[in-house]
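**Student:** Any chance you could fold what I've pasted below:
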Amino acid sequence: MTTYYWRGGSGTWDDSTTTNWSLTSGGTGGAGVPTYADDVVFDTASSAAAYVVTCSGSPRCLSINTTAPAAGTLTFQLGTNVYYWD
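**Tutor:** This is a model prediction of the structure:
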């Protein structure tokens, strides 16, 4: 099991894009893509302002831990459904 941290603000969470995933909070992207066995964290180091994570394809994880950014909201866009965390 690995913990992946979202970084870089808005982006797409799918089953192949590694750009927004880091192995440390606020770290460098490109760490890989979470699987069913991994935890994912969206924290204040993910973005300082409001951002949108667009879920596409088959994003996977064991658990999600969310903290809203310092300013604004974290929004998950899932097809036509939108979920907000603030």
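**Student:** C-alpha only now, for contacts and for neighbours.
**Tutor:** Fine.
**Student:** what about the strands in this protein?
**Tutor:** Here the chain has its strands, by DSSP state E, at 3-6, 11-13, 21-22, 39-42, 51-55, 63-66, 74-78, 81-85.
**Student:** I'd like to know which of those lies nearest to residue 32.
**Tutor:** Among those, strand 21-22 comes nearest to residue 32, with 6.4 Å by CA to CA.
**Student:** what's the closest one packed up against?
**Tutor:** Other elements packing on strand 21-22 under the criterion 3 or more CA pairs under 8 Å, 6 or more residues apart in numbering; DSSP states H and E are strand 3-6.
**Student:** Mind giving me the packing neighbours of the strand it packs on?
**Tutor:** Applying 3+ CA pairs under 8 Å, 6+ apart, one finds that strand 3-6 makes contact with strand 21-22, strand 39-42.
**Student:** Surely residue 40 touches residue 33?
**Tutor:** No: using CA atoms under 8 Å, residue 40 is not in contact with residue 33, being 9.9 Å away.
**Student:** In CSV, list the strands of the chain along with mean neighbour count, mean pLDDT and distance to residue 28.
**Tutor:** Shown next, in CSV, are those (neighbours: other CA atoms under 10 Å; pLDDT from 0 to 100; distance: least, CA to CA, whole Å):
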stretch, mean neighbour count, mean pLDDT, distance to residue 28
strand 3-6, 25, 98, 10
strand 11-13, 20, 95, 15
strand 21-22, 26, 98, 6
strand 39-42, 21, 96, 14
strand 51-55, 18, 93, 18
strand 63-66, 12, 94, 19
strand 74-78, 19, 88, 20
strand 81-85, 11, 55, 24
